[in-house]
Each structure stands twice: as C-alpha cells, then as structure tokens.
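Student: Got a predicted structure here, sequence first:
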Amino acid sequence: MSREDPRVPHHFESAEQQTESARLGMWVFLATEILLFGGLFCAYSVYRANHPDVFYYGTQFLDKHLGALNTMVLICSSFTMAWAVRCAQLGERRALMVLLSMTLLCAALFLGVKAIEYRQKWKHGLLWARKFRAEALERSPTKAGATWAETASAKTTMAAPDGQPTSGPAASNPLTTGTKALAATAAFEDRTSIPPAGTAPAGVVSGKKSSAAKPSERTPPENVQVFFSIYFLLTGLHGLHVIAGMLAIGWILRRARRGEFSSGNFLAVDLVGLYWHLVDIIWIYLFPLLYLIH
Amino acid sequence: MNEKASHSAARPHVVPLRVLLAVWGALMVFTALTVAATEVDLGAFNLFIALGIATAKASLVLLYFMHLRYDKPFNAVVFICALLFVAIFISLVLVDTTQYQPELIPGYAPELLK
C-alpha cells in the first residue's frame, strides 16, 4: 500500500478514495432526502387520485407567475452553484466567492417570493387543515381593480359598497346564526365569486379561467383545505431545505474567503453544490404539481 | 485542464462553462414550455407532459450540474435506486387506495366509482 499523502487518514487507500467515499456518502444522503419527500409526494398522489376536483379548485389560489419566477430563480442559483464548483476546481478563489454570493442572493430572492405567497395565503385564511378559514373570504369585493390588499382592508368594513346579496346575515356574522355549518356553507357559496389568486393582482378576472366550462373551477368542492395542507407541507419542507442550503453555502463562502480551497481541495464546495442541486430538482417537480394543475 | 486535473488526487472532471450555459438555457426554455403547456387543454395528458418536462429538467441538472455523467456510475445507482423505491411506494399505495377505499367509505373517492 502506497501512502504518499500524510493528510489521508489511515482507513483510506488514497486521497482519491477518500474523495470518492465522501461523494458517495453525499449521494446516499440525497437518496434519503428523496425518500423523505417521497412520503409527501405519495400523500399528494393519493389525494389527487381520489379527489381531483379539490386540486383543480385549490390550484387557482396559487399564483402561477410567482411560481414560475421562483422556478427560474432557483434554476439560476443552480447554474451559479455549478459554475462555483467549476471555479473551485480551477482554484479561482475570487470568482468562487462572487458566484457563491450570487447563489445566496438567488436563494434569498426565492424565500422572499415564497414569503409574499405565504402572506397572501395567511391573509385569506387559505391554510392547512383546521387553520383553514373559508369565511375569511366571504366579504371580498369582486369589483374590477380590487387588489388583494384592498380585499383585506374591505374585510374589516362590514358593508362592502357593492355587497353581495347572497351573503346574508349568516355570512356577515357566522356566530349569531348558531349553526356553524350554515355559516360555512354560506361562506363557501360566496367564495365562488372570488377571483383566483393567479389573476387577482392584475385586477382583471381573466374570462378564460373563471368562466371556463369546467364546473370544478367555480363550485368549491368539499375539503379544499386538504390541498392547502399538502401545499404547505411540501413547500414548507422544501423551504426548510432552502434555508439549510443557504447556511451551508454561507459556511463554504466563509471558508473560501479564508482561502481554504484550492484546485486540489474543493470537496466541501462540491458536496454543498450537490445538495443545492437536489433542492432545485425537488422544486422542479413541485412547481408543475402544485401550480400548474390543469 | 488535463494538466490541472493531474495535480489533484481525485482527478475531477471540470465541466466546460459552455456546457453549463447550455444546460441553464435549456432549463429556462423548459420552464417556459411547461407554463405554456398548461394553456393547452389536453385532458389527462397535461399531467404527463408536465411530469415529462420536469423529468427532463431534473435529468439535465443531475447529469451536468451534479456531474453524474462524469461520475463513478455507483453514485447514479444509489440515486436511481431511491427513485425506484419511491416509484414502487407510490404506485403500490395508489393501487391499494383505488382498490378498497371507494367502497369502504361512502363518498371518500367519488371520482373512482364513476
């Protein structure tokens, strides 16, 4: 056995084997990540197979454009990360630091857009399981030009200027009616007039989407909260991975600044890159599965 | 590049910047394509098109950004095994849920009884 390099621990044959086993370890970790998300994708598949109407209805409250924007942001971050690994391999320290910073910036942008989306959902009670408040949407104005912010402010005023005749006393004050079920039904009926999130910010309800022949897009099915439970679980777990990835990138950025990497020693950059690309791959699947349900 | 690679013990493959740029461009085009594909109503085919495009994008990331094409094949074996097990998991669960649930719980899966 040849032992040319004193830095290689005794349980490795060579530096190459050490690097290869580290990479293999990372790939095994990525495999467990796939299995972790696999459970949630399984839940998604079962609910979508059994209740497609819930998914058709729920998806219109997700902003397709913000989702596409986030997909592109993550792809860009993956590209800068792959380029950063290349720079690390070639020992270009300056470029490595710039590219890692750009990757961090893209990750922050992704989380920022995600925060905007979460805030919209939170504001309108489109939340998971029992947190789901269908009645939060009952008094939203349907007049053209109403933004989501206006919708939220209109919620506080009891009488909307162009109040819906269908939302009677049961909808405006659910507790006085005594029966929660009645209030919930009224709220559900009222929600049919709410423009989908994808079209609302522009203020114009696109006739293509809302007046489509598909009845499932207008009449809300039961248990819409199931869609939002799955949405928050999948995107939330993915968001946690983005945060973990940002911490890891920050760590190698600090090490790069100290000049710890060279063309012979870039393993940490390589491994963090692999992790970051996996986060991107998961989003590549989440985007069409949640935002682009047809 | 070869000279540089021989310095390090691991002999890494440095992906040319041209390839990285091409992959980035392809990923962007695929993203636009998958958004555009939802505008066309193809029934159940829409899901398969969306998943097909996503798989193409994921493959590009795996092969070039994650160096799987130039790596030792065993890393790919590990990853593909994980994907296979997820596929087995989801398909068997789907077979199971479509097998019993519609009859067991009234109204549980109205779509499947049609």
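Tutor: Here it is on my side, so go on.

Student: Up against chain B, what does the stretch 51-200 of chain A have?
Tutor: Proximity of the stretch 51-200 of chain A to chain B, by Cβ under 8 Å from any Cβ of the partner chain, involves residues A:51-53, A:64, A:68, A:71-72, A:75-76, A:78-79, A:81-83, A:86, A:89-91. For glycine as for every other residue, the C-beta is placed from the backbone atoms N, C-alpha and C.

Student: now, which of the residues you listed lie within helices?
Tutor: Among these, the ones falling in helices (DSSP state H) are A:52-53, A:64, A:68, A:71-72, A:75-76, A:78-79, A:81-83, A:86, A:89-90.

Student: Of the residues you listed, which is the nearest to A:C42?
Tutor: The closest of those to A:C42 turns out to be A:P52 (Cβ to Cβ; 16.4 Å).

Student: Give me the distance between the closest one and B:N46.
Tutor: A:P52 sits 12 Å away from B:N46, going by Cβ to Cβ, to the nearest Å.

Student: Give me the domain ranges for the chain.
Tutor: Let's take chain A. What the record gives for chain A is the domain set A:18-125+A:225-291, A:133-205, from automatic domain parsing.

Student: not quite, I wanted chain B
Tutor: Using automatic domain parsing, the domains assigned to chain B come out as B:1-71, B:72-114.

Student: could those domains be laid out in JSON lines, adding distance to A:K114?
Tutor: Shown next, in JSON lines, are the domains of chain B (distance: least, Cβ to Cβ, whole Å):
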{"stretch": "domain B:1-71", "distance to A:K114": "17"}
{"stretch": "domain B:72-114", "distance to A:K114": "24"}
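
Student: looking at the domains of chain A, which is buried most?
Tutor: Highest mean neighbour count of the domains of chain A: domain A:18-125+A:225-291, a mean of 19 (counted as mean count of other Cβ atoms under 10 Å in any protein chain shown).

Student: Considering the domains of chain A, which stretch scores lowest in mean pLDDT?
Tutor: Note on those: domain A:133-205 shows the lowest mean pLDDT, a mean of 42.

Student: To what extent is B:L47 buried, counted in neighbours?
Tutor: For B:L47, the neighbour count with other Cβ atoms under 10 Å in any protein chain shown is 17.

Student: Where does it sit: helix, strand or coil?
Tutor: Three-state assignment for B:L47 (DSSP: H, G, I helix; E, B strand; the rest coil): helix.

Student: For chain B, give me the ranges with low pLDDT.
Tutor: The model of chain B has pLDDT under 70 over residues B:1-11, B:98-114.

Student: gap between the most centrally placed residue in it and A:Y285?
Tutor: Geometric centre of chain B, nearest residue: B:T55, 3.2 Å, by Cα atoms, centre = their mean. Distance from B:T55 to A:Y285, counting by Cβ to Cβ: 8 Å.

Student: Please name the bridge partners of A:N265.
Tutor: A:N265 has these beta-bridge partners by DSSP bridges: A:S262.

Student: Can I get the domains of chain A in a markdown table including distance to B:F89?
Tutor: Putting these into a markdown table (distance: least, Cβ to Cβ, whole Å) gives the following:
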| stretch | distance to B:F89 |
| --- | --- |
| domain A:18-125+A:225-291 | 6 |
| domain A:133-205 | 32 |
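
Student: Compare these and give me the one nearest B:R18.
Tutor: domain A:18-125+A:225-291 (11.2 Å).

Student: gap between the two ends of that closest one?
Tutor: 42 Å (Cα to Cα, to the nearest Å).

Student: picking up where we left off before, so the residue nearest to the centre of chain B is in which element?
Tutor: Assigned by DSSP states H and E, B:T55 falls within helix B:45-60.
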